[in-house]
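# next input, structure requested:
(one chain, ligands or ions: 1)
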Amino acid sequence: MKEFWNERYGAKEFAYGKEANVFFAEQLVKIKAGKLLLAAEGEGRNAVFAADHGWDVLAFDSSSEAKKKAEKLALDKGVKIEYQLAELSEMNLPENYFDVIGLIYAHFPAEIKSDYHKRLDRSLKIGGYILFEAFSKKQLTFNKRNEKPMGPLNLEMLFSIEEIKNDFPNYEILILKEEEVNLSEGLYHKGIASVIRFIGRKK
Ligand SMILES: C[S@@+](CC[C@H](N)C(=O)[O-])C[C@H]1O[C@@H](n2cnc3c(N)ncnc32)[C@H](O)[C@@H]1O
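So this is what the prediction gives:
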């Protein structure tokens, strides 16, 4: 999988653009800046946006090409981010530490995805927020409507509202919806998509 991502990010252009995900940006600015963790952050678009808005950002991703591009983007924009090259299982995350965790198109294999959510939950403070956007299971049928498919082609790597409720039972749900959006993010998120958007506050 790392090879796939390194190849994708090896191109000069940004796979998902340099602008933060719209939902993430809209929601993040409503929260008082503090410590933010961005999982599977790719080329750094969300990290750089957050740092520019006063957040103390730790991002990680398992792709070395992603890290290079993210660090260069931060340098170009004149902001500071910390970015670790790691799988989530290799991260030594402090417990009860972050104010916000961002999961933006953080799709993991079926056998680890719920466990990953639980690990991340442990590092979020009580009262902290999860900001989440990713493709829903309906995306597989939506893909037929676009020129190029978007997101994982494996149903189990995609999300449902039920899965989010099961993975985050200890959260007050502020937003949890499956909706149709028109994505325009870089080279690979282009067209009509079905996504799950979730904002949860840890109880
Ligand atoms: C669709 S990209 C999303 C990137 C970024 N969050 C964004 O929205 O621009 C998915 C990312 O997940 C990363 N990834 C996949 N499995 C991972 C894992 N087990 N640990 C850390 N990163 C992972 C990939 O390297 C890739 O950058």
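
# and Phe142, what does it touch?
Glu180, Ile192, Ala193, Ser194 (CB atoms under 8 Å, 6 or more residues apart in numbering). Just so you know, the C-beta spots here come from the backbone N, C-alpha and C atoms, and that holds for glycine as well.

# which one of those is nearest to the ligand?
Checking the contacts of Phe142 against the ligand by CB to the nearest ligand atom gives Ala193 as the nearest, at 12.1 Å.

# leaving out sequence neighbours, find the closest residue to the one residue in the chain that gets nearest to the ligand.
Per CB to the nearest ligand atom, Gly42 is where the chain lies closest to the ligand, at 2.7 Å. With CB to CB, 6 or more residues apart in numbering as the criterion, Gly42 has its nearest non-adjacent residue at 4.9 Å, and that residue is Ala66.

# helix or strand: which one has that neighbour?
helix 64-77 (DSSP states H and E).

# close to the ligand, is that helix?
Yes: on the criterion CB under 6 Å from any ligand atom, helix 64-77 is in touch with the ligand at Ala66.

# repeat that for stretch 191-203.
No: residues of stretch 191-203 are not located near the ligand by CB under 6 Å from any ligand atom, the shortest gap being 11.5 Å.

# the residue nearest to Gly42 against Ala11, yeah?
No: counting by CB atoms under 8 Å, Ala66 stays clear of Ala11, with 11.9 Å between them.

# Leu103 reaches Tyr129, doesn't it?
No: in this structure, Leu103 is not within contact of Tyr129 by CB under 8 Å, at 11.0 Å.

# run a quick neighbour tally on Lys32.
Each residue near Lys32 was counted by other CB atoms under 10 Å, and the total is 8.

# enumerate every residue touching it.
The contact partners of Lys32, by CB under 8 Å, 6+ apart, come to Asp99.

# can I assume Pro152 sits in a helix?
No: going by DSSP: H, G, I helix; E, B strand; the rest coil, the assignment for Pro152 is coil, not a helix.

# tell me the contacts of it?
Residues near Pro152 by CB under 8 Å, 6+ apart: His107, Phe135, Leu158.

# could you rerun that using 7 Å?
Contacts for Pro152 (CB atoms under 7 Å, 6 or more residues apart in numbering) come out as His107, Leu158.

# likewise the one 5 residues further on?
By CB under 7 Å, 6+ apart, Met157 lies in contact with His107, Phe108, Pro109, Ala110.

# pretty sure the residue nearest to Gly42 sits against Ala40.
No: at 8.7 Å, Ala66 does not count as touching Ala40 under the criterion of CB atoms under 7 Å.

# give me the more crowded residue out of the two.
Counted by other CB under 10 Å, Ala66 and Ala40 do not tie: Ala66 has more neighbours, with 25 against 22.
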